[in-house]
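Peer 1: curious how this folds, go ahead:
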Amino acid sequence: MNGEKHNGEQQQAEDPWAPVTVTADQPAPYDQQQAAHQRQLTAAGYGEEQRTRYIEESGEDPEYAACVWDEQIVAGAEAAGIIPENPRPFSPAEEATHAARDTAISEFWTQHPEYDVFSNSPENQALFRQAMEHGDQKAREVLGDEVAEHLLSRPQEPAEEPARQDDEEIDL
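Peer 2: Numbering: from 1, shown residues only. Model prediction:
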């Protein structure tokens with residue numbers, strides 16, 4: 001017995017410097033991240049209800065007031081550290097749209113070295129429009145139905161509705 005273990009077991013010393021395998025937590029899906037961010041904004045007084053109230057009570061044009069809230073008030077609060085920055089401001093579809101469009105536009109510029117970024121000539125303006133259209137088209141080709149149309153420089157026109165015919169005449 002004198003310091004020996006029974007049944008042939010030997011005491012193993014644990015190495016405090018041995019490598020350890022740690023599994024990382026999976027990142028939260030986009031919707032969960034956005035919901036958590038919205039809860040933080042609401043708790044800090046910058047939530048959706050406060051935004052709506054600001055827009056209604058501002059006395060400004062609603063679209064202008066919404067821009068002021070989004071681009072000045074919330075951005076200022078983020079910069080001051082009052083509220084946290086949005087961890088993922090773009091949805092996965094928006095990120096894919098940006099990436100596909102940016103890649104296509106970069107390829108376009110590689111094929112057109114004659115473009116002069118400092119010139120506002122009609123030729124340069126036409127090349128710029130072509131680059132944007134090329135990027136939009138490639139994004140649609142690559143992403144199909146997943147493309148975030150509101151991010152493209154020229155969203156596709158909705159299918160034309162058949163012309164309504166007013167058969168009914170009203171005499172006044």
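
Peer 1: list the buried residues for stretch 61-73?
Peer 2: For stretch 61-73, burial by neighbour count (16 or more other Cβ atoms under 10 Å) applies to 65-66, 69. Where C-beta positions appear, they are placed from N, C-alpha and C, glycine not excepted.

Peer 1: please convert those to TSV, extending it with pLDDT.
Peer 2: Output for the buried residues of stretch 61-73, formatted as TSV (pLDDT from 0 to 100):
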residue	pLDDT
Ala65	96
Ala66	96
Trp69	95
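
Peer 1: which ones among those are found in helices?
Peer 2: 65-66 (DSSP state H).

Peer 1: what's stretch 118-132 in contact with?
Peer 2: 105, 108-109, 112, 114-116, 153-154 (Cβ atoms under 8 Å, 6 or more residues apart in numbering).

Peer 1: let's see that with 7 Å instead.
Peer 2: Residues from elsewhere that reach stretch 118-132 (Cβ atoms under 7 Å, 6 or more residues apart in numbering): 105, 108-109, 112, 115-116, 153.

Peer 1: point out the least confident one among the residues you listed.
Peer 2: Note: of these, the lowest pLDDT belongs to Ser153, at 79.

Peer 1: quick check: it touching His134?
Peer 2: No. The pair Ser153 / His134 is not scored as a contact, 10.3 Å apart, by Cβ atoms under 7 Å.

Peer 1: so which of the two has more stuff around it?
Peer 2: Counting neighbours by other Cβ atoms under 10 Å for Ser153 and for His134 shows that His134 has the greater number, 18 against 13.

Peer 1: for that one, give me its contacts.
Peer 2: 104-105, 108.

Peer 1: rerun at 10 Å
Peer 2: By Cβ atoms under 10 Å, 6 or more residues apart in numbering, the contact list for His134 reads 101, 104-105, 107-109, 111-112.

Peer 1: nearest to Arg51 among those residues?
Peer 2: Arg101 (28.6 Å; Cβ to Cβ).

Peer 1: give me the contact list for stretch 39-46.
Peer 2: With Cβ under 10 Å, 6+ apart, stretch 39-46 has contacts from 38, 47-51, 54, 69, 73-74, 77-78, 82-84, 86.

Peer 1: let's see that with 8 Å instead.
Peer 2: Residues from elsewhere that reach stretch 39-46 (Cβ under 8 Å, 6+ apart): 47-50, 73-74, 77, 82-84.
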